[in-house]
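1. What shape does this take:
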Amino acid sequence: MEQTLFKKMVRNIEILDERLTKAGVRFGLNPFDTDYELVSDEQMIDIIPYVMMPIHRKHWRYGKQAIQERQRAGTYHIFEAVINTDPSLC
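-> Presented below is the predicted three-dimensional model:
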């Protein structure tokens, strides 16, 4: 059941993306395609040090920083992260 809900959420996001892209084109914009990925809070916290700044390289120090941040912050939620590349990653 959870997988079905997940698929519905992704499809709803894709529908909204299509509508917003069409609206942007009508206003003369040329938006990038967008790839969406839904992840858990823990996965988001783990990947932020590696992917949020394109200049970062996969290095043990960033993973170590993520673990330290998680220990200091306790429980929190990151609701959205966008990387403005072509295609955009959300």
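2. ok, residue 40 to residue 6 distance?
-> Counting by C-beta to C-beta, to the nearest Å, the gap from residue 40 to residue 6 is 11 Å. C-beta coordinates here come from the backbone N, C-alpha and C atoms, glycine included.
3. Below-threshold pLDDT in the chain: ranges please.
-> 1-2, 49-67, 69-77 (pLDDT under 70).
4. just the strands in it please.
-> 34-35, 88-89 (DSSP state E).
5. Deepest-packed of these, please.
-> strand 88-89 (a mean of 16; mean count of other C-beta atoms under 10 Å).
6. Packing partners of that one?
-> strand 34-35 (3 or more C-beta pairs under 8 Å, 6 or more residues apart in numbering; DSSP states H and E).
7. and the strand it packs on, what other elements does it pack with?
-> By 3+ C-beta pairs under 8 Å, 6+ apart, strand 34-35 packs against strand 88-89.
8. one more time with 7 Å
-> Packing contacts for strand 34-35, counted by 3 or more C-beta pairs under 7 Å, 6 or more residues apart in numbering; DSSP states H and E, involve no helix or strand.
9. isn't residue 21 right up against residue 33?
-> No: under the criterion of C-beta atoms under 7 Å, residue 21 makes no contact with residue 33, lying 8.3 Å away.
10. coming back round to it: between the strands of the chain, which one is closest to residue 15.
-> Checking these against residue 15 by C-beta to C-beta gives strand 34-35 as the closest, at 12.6 Å.
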